[in-house]
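Peer 1: Okay, predicted coordinates and the sequence, questions at the end:
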Amino acid sequence: MSLLRLENVTKQFGGLVAVNNVSFEIKEGEFLGIVGTNGSGKTTLFNVINGVFFPEQGRVFFNDMDITRTPSYKRAPLGIGRTFQIPRPFASATVRENIAVGAMFGTMGKQLNVDQSLEVADHVIERMGLGKHRLKSAGLLTPVEKKLMEIGRALAMRPRLLLMDEAMAGMHPNDIDDMVEMIISIGKEENIAIVAMVEHIMRAVVGMAEKLIVLDQGEKIVDAPTDEALADSRVVDAYLGKSGETKDA
C-alpha cells in the first residue's frame with residue numbers, strides 16, 4: 001500500500017492550469033525528488049499535497065485516507081511535515097522553542113505536554129548539530145542555520161512524510177553533501193518518506209532521491225528511477241531546450 005497517492009490531480013487559477021492531471025504514489029520510507037524549471041507546477045503540487053490548495057479535479061490519499069479536502073492543520077497530525085524555501089521562524093523565540101512547536105503539532109501532539117515537547121526538541125537539536133544555538137533567538141541565526149532549524153522543526157513532528165521545499169538552496173556544496181547524508185540517515189532510521197522539491201541543486205537529487213517526478217508546464221513528463229530520469233531526453237529538453245541552449249531555470 002502506498003503512503004501518499006495522487007490520482008489525476010488538476011489545480012488551476014482562473015484560466016491558468018498550474019498542475020494538469022498529475023498522478024503518482026510514494027511508498028513508506030521512499031525518497032522522491034520533484035524536479036522542474038520555474039513555472040513547471042512544483043510549488044502548486046506541493047501546496048496541494050500539503051492542503052494549502054484543494055484541487056479542482058482528482059484526489060489525494062494519505063495512508064489510504066482521502067485527504068483531498070482536508071486542511072493543512074489537520075494533515076500535520078496525520079504525519080505530513082513540511083519545510084519552506086524561506087524559513088519562517090518565530091524570531092523572538094529560542095531555537096529550542098521553535099523546534100518544540102513542531103513536536104506540539106505533529107503526530108504525537110496530543111500525547112506530549114510542553115516539557116515533553118522541549119525534550120523532543122533537545123534530541124532533534126543535537127541531531128541537527130544546533131546544540132550551541134539551542135537557547136539563541138531564532139532571529140539571530142544565519143540563513144543556513146535557519147534552514148537547519150526549519151528542517152529540525154519538521155522532524156520534531158515525527159512525520160511519516162516530509163515535504164522539503166528547496167531546503168538546501170543557498171548552501172555550500174560541502175554543506176549540501178553533509179545535509180543529504182544526515183537526511184538519508186534520519187529518514188531510514190525513522191522510516192520517513194521524503195519528497196524533495198528541487199530546481200538547480202542536482203547533486204542533492206542524485207545523492208538522495210531514489211525516484212524522480214519531472215514536471216513541465218504543469219504536466220508530469222517523467223516518473224522513473226533517478227538515473228533513468230536524468231538520462232531521459234524529455235528531461236534534457238525541459239532543462240536545456242532541444243537546441244541545447246540553456247533555458248531560464
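Peer 2: The structure has been received and is ready for your questions.
Peer 1: Now do the helices in this protein.
Peer 2: Counting by DSSP state H, one finds helices in the chain at the ranges 42-50, 72-75, 95-104, 114-128, 143-155, 173-190, 202-208, 226-230, 233-240.
Peer 1: Which strands or helices does the shortest one pack on?
Peer 2: What that stands for is helix 72-75. Using 3 or more Cβ pairs under 8 Å, 6 or more residues apart in numbering; DSSP states H and E as the contact test, no helix or strand touches helix 72-75. For every residue, glycine as well, the C-beta is placed using N, CA and C.
Peer 1: Give me the buried positions along that helix.
Peer 2: Arg75 (16 or more other Cβ atoms under 10 Å).
Peer 1: Output it in PDB, but only the C-alpha positions, please.
Peer 2: What follows is helix 72-75, C-alpha atoms only, in PDB (Å, rounded to 0.1, in the frame of the first residue of the first chain):
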ATOM      1  CA  SER A  72      -3.300  21.700   6.300                       C
ATOM      2  CA  TYR A  73      -3.600  22.000  10.100                       C
ATOM      3  CA  LYS A  74      -5.400  18.600  10.100                       C
ATOM      4  CA  ARG A  75      -2.800  17.000   7.800                       C
END
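Peer 1: Check the offset of that helix from the chain's centre.
Peer 2: Centre-to-centre, helix 72-75 and its host chain are 15 Å apart (Cα atoms, centre = their mean, to the nearest Å).
Peer 1: got the contact list for that helix?
Peer 2: Helix 72-75 has contacts (Cβ atoms under 8 Å, 6 or more residues apart in numbering) with 50-52, 62, 67, 105.
Peer 1: okay, the helices of the chain, which one's buried deepest?
Peer 2: The highest mean neighbour count among these, using mean count of other Cβ atoms under 10 Å, belongs to helix 95-104: a mean of 24.
Peer 1: Run the chain-centre distance for that one.
Peer 2: Mean-position distance between helix 95-104 and its chain equals 18 Å (Cα atoms, centre = their mean).
Peer 1: Show me what it is packed up against.
Peer 2: Using 3+ Cβ pairs under 8 Å, 6+ apart, the elements in contact with helix 95-104 are helix 114-128, helix 143-155.
Peer 1: Mind putting those into a markdown table with distance to His172?
Peer 2: Formatted as a markdown table, the helices and strands packed on helix 95-104 follow (distance: least, Cβ to Cβ, whole Å):
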| stretch | distance to His172 |
| --- | --- |
| helix 114-128 | 17 |
| helix 143-155 | 8 |
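Peer 1: Switch the helices of the chain over to CSV; also include distance to Asn21 and mean pLDDT.
Peer 2: Formatted as CSV, those follow (distance: least, Cβ to Cβ, whole Å; pLDDT from 0 to 100):
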stretch, distance to Asn21, mean pLDDT
helix 42-50, 12, 92
helix 72-75, 22, 92
helix 95-104, 34, 95
helix 114-128, 38, 94
helix 143-155, 29, 90
helix 173-190, 29, 83
helix 202-208, 24, 71
helix 226-230, 19, 88
helix 233-240, 17, 73
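Peer 1: nearest to Ile34, of those helices?
Peer 2: Of all the helices of the chain, it is helix 42-50 that lies closest to Ile34, at 5.4 Å by Cβ to Cβ.
Peer 1: what's the closest one packed up against?
Peer 2: Where contact means 3+ Cβ pairs under 8 Å, 6+ apart, helix 42-50 is packed against strand 4-13, strand 16-26, strand 31-35, strand 80-82, strand 161-165, strand 193-198.
Peer 1: partners of the fourth one, with directions?
Peer 2: According to DSSP bridges, strand 80-82 forms sheet pairs with strand 161-165 (parallel).
Peer 1: And Asn38, its phi and psi?
Peer 2: Asn38 adopts backbone torsions of phi -60, psi 140, taken as degrees, to the nearest 10.
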